[in-house]
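In: Got a predicted structure plus its sequence, pasted below:
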Amino acid sequence: MASHLHFGEDDFLNCRFAVSPLWETQDAVRTLRRPDRQGYHVPWLRRIRTAAAGLDLAPLWLLMPRRGHSPDWLGAPPIGPAATFEEELAAVRAADPEAAREDTARSLACTPGALTSEQGRAWLADPVRMVRELADALEVAWRVLVEPEWPRLRALLEADVAFHSRRLAEVGLGSLLPELDARLSWDGRTLTLPGGVYERRLGGRGLVLMPSVFCWPDVITGFDPPWQPTLVYPARGVGGLWAEPGTRTPEALVRLLGRNRAAVLAALDDPASTTALAHRLGLAASSVSSHLSVLRGSGLLTARRYGHQVLYERTPLGMALASGG
């Protein structure tokens with residue numbers, strides 16, 4: 001089975017990338033209940049096991065059917081590449097209760113017995129309370145499951161966007177789309193996706209391309225208003241997300257640069273900010289900033305601004321040194 005997205009002329013002008021902490025929070029909650037999604041995330045699961053055990057995630061899981069509709073109001077459309085969780089959660093809290101009630105009923109209908117369950121009936125009887133309770137549940141899930149790791153997750157997602165933005169400039173949209181996932185194919189006007197049997201014309205709205213840490217192994221699409229048509233794909237490099245950079249720093253590089261400076265260079269498999277590197281390596285941000293300045297001044301790194309941050313990445317010389325070449 002396959003689905004098809006048909007592009008018109010205006011759609012090529014309205015494609016953009018986005019990163020969504022709200023989406024990652026919801027998918028982190030899904031991952032806790034989906035063993036098929038957990039393969040890359042075992043270190044994270046170990047770290048949050050005790051804290052997660054104290055959460056009541058059943059209300060959120062009730063609206064996450066394995067197949068079927070998840071409420072659009074509960075996952076507001078991604079604002080852009082630099083939206084904060086607080087900004088996205090504000091859109092959830094501002095949802096129209098009656099529209100949210102209808103959307104939620106559609107989702108509950110995808111799970112046998114959910115519509116007539118005590119929780120389902122309570123929500124549909126009081127949608128104002130439902131919006132408040134579910135927004136509160138998302139906020140708690142963010143604080144416990146995702147926020148402590150967000151610098152690391154954001155660095156990977158932003159590195160994916162930076163990499164694919166360069167590829168977009170180099171090869172164009174038609175060649176980029178199949179690179180996002182091996183299951184995608186492009187014939188010049190139509191993007192073919194795995195699963196489903198639908199045909200959609202984008203109608204000038206374009207397509208939001210959104211990398212995700214927790215969606216692997218799925219490729220996910222969304223179309224219904226208020227969403228702009230969106231393609232969610234596994235972020236590049238997710239397989240090494242939880243690896244500790246210090247464990248793979250070449251010893252020869254340590255002798256040349258010193259332990260911490262070598263660790264900073266080795267950690268830059270993908271572009272990252274000072275804050276993300278400090279979090280990943282367990283070093284003070286001021287120390288990492290100093291090391292980055294020396295490495296950049298030595299021709300081993302380049303820096304460029306992305307939104308409110310500066311991302312550092314290795315030059316060819318830096319790549320050769322980090323790999324032991």
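Out: All right, it came through fine. These numbers come from a predicted model, not from an experiment.
In: okay, how far is it across stretch 189-205, tip to tip?
Out: Start-to-end span of stretch 189-205 (Cα to Cα, to the nearest Å) is 15 Å.
In: and it, which residues are buried?
Out: Across stretch 189-205, burial judged by 16 or more other Cβ atoms under 10 Å covers 191, 193, 202, 205. Quick note: C-beta positions are derived from backbone N, CA and C, even for glycine.
In: now do stretch 315-325
Out: Those would be 318, 321, 322, for stretch 315-325 by 16+ other Cβ under 10 Å.
In: Minimum pLDDT in the buried residues of stretch 189-205, which residue is that?
Out: Taken together, the buried residues of stretch 189-205 show their lowest pLDDT at residue 193, with 87.
In: That one reaches residue 223, doesn't it?
Out: No. Residue 193 is beyond contact range of residue 223, at 11.6 Å (criterion: Cβ atoms under 8 Å).
In: What is the nearest of the buried residues of stretch 189-205 to residue 237?
Out: residue 193 (21.9 Å; Cβ to Cβ).
In: So what pairs up with the closest one in the strands?
Out: On the basis of DSSP bridges, residue 193 is bridged to residue 3.
In: how near is it to residue 214?
Out: Residue 193 sits 19 Å away from residue 214, going by Cβ to Cβ, to the nearest Å.
In: before we move on, what about residue 278?
Out: Separation of residue 278 from residue 214 (Cβ to Cβ): 23 Å.
In: between those two, which one's more packed in?
Out: Between residue 278 and residue 214, counted using other Cβ atoms under 10 Å, the more crowded position is residue 214 (28 against 19).
In: so what's that one up against?
Out: For residue 214, the contacting residues are 24, 27, 28, 30, 31, 37, 41, by Cβ atoms under 8 Å, 6 or more residues apart in numbering.
In: Which of the residues you listed fall in strands?
Out: Among those, none falls in strands (DSSP state E).
In: With secondary structure as added columns, please give the buried residues of stretch 189-205 in TSV.
Out: Converted to TSV, these look like this (DSSP: H, G, I helix; E, B strand; the rest coil):
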residue	secondary structure
191	strand
193	strand
202	coil
205	coil
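In: Could you dump those residues into CSV with distance to residue 267 added?
Out: Converted to CSV, the buried residues of stretch 189-205 look like this (distance: Cβ to Cβ, whole Å):
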residue, distance to residue 267
191, 34
193, 34
202, 38
205, 38
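In: Of all pairs in those residues, which one spans the longest distance?
Out: Pairwise distances across these (Cβ to Cβ) peak at 16.6 Å, for the pair 193 and 205.
In: ok, now which ones touch residue 184?
Out: With contacts defined as Cβ under 8 Å, 6+ apart, residue 184 is in contact with 177, 178, 191, 192, 193, 194, 219, 233.
In: 7 Å instead?
Out: Residues in contact with residue 184 (Cβ atoms under 7 Å, 6 or more residues apart in numbering) are 177, 178, 191, 192, 193.
In: Could you check how far it is from residue 41?
Out: According to Cβ to Cβ, residue 184 stands 23 Å off from residue 41.
In: re earlier: and which of the contacts of residue 184 is nearest to residue 229?
Out: residue 191 (10.2 Å).
In: If you drop the residues flanking it in sequence, what lies closest to that closest one?
Out: Sequence neighbours aside, residue 5 is the residue nearest to residue 191 in space, at 4.4 Å (criterion: Cβ to Cβ, 6 or more residues apart in numbering).
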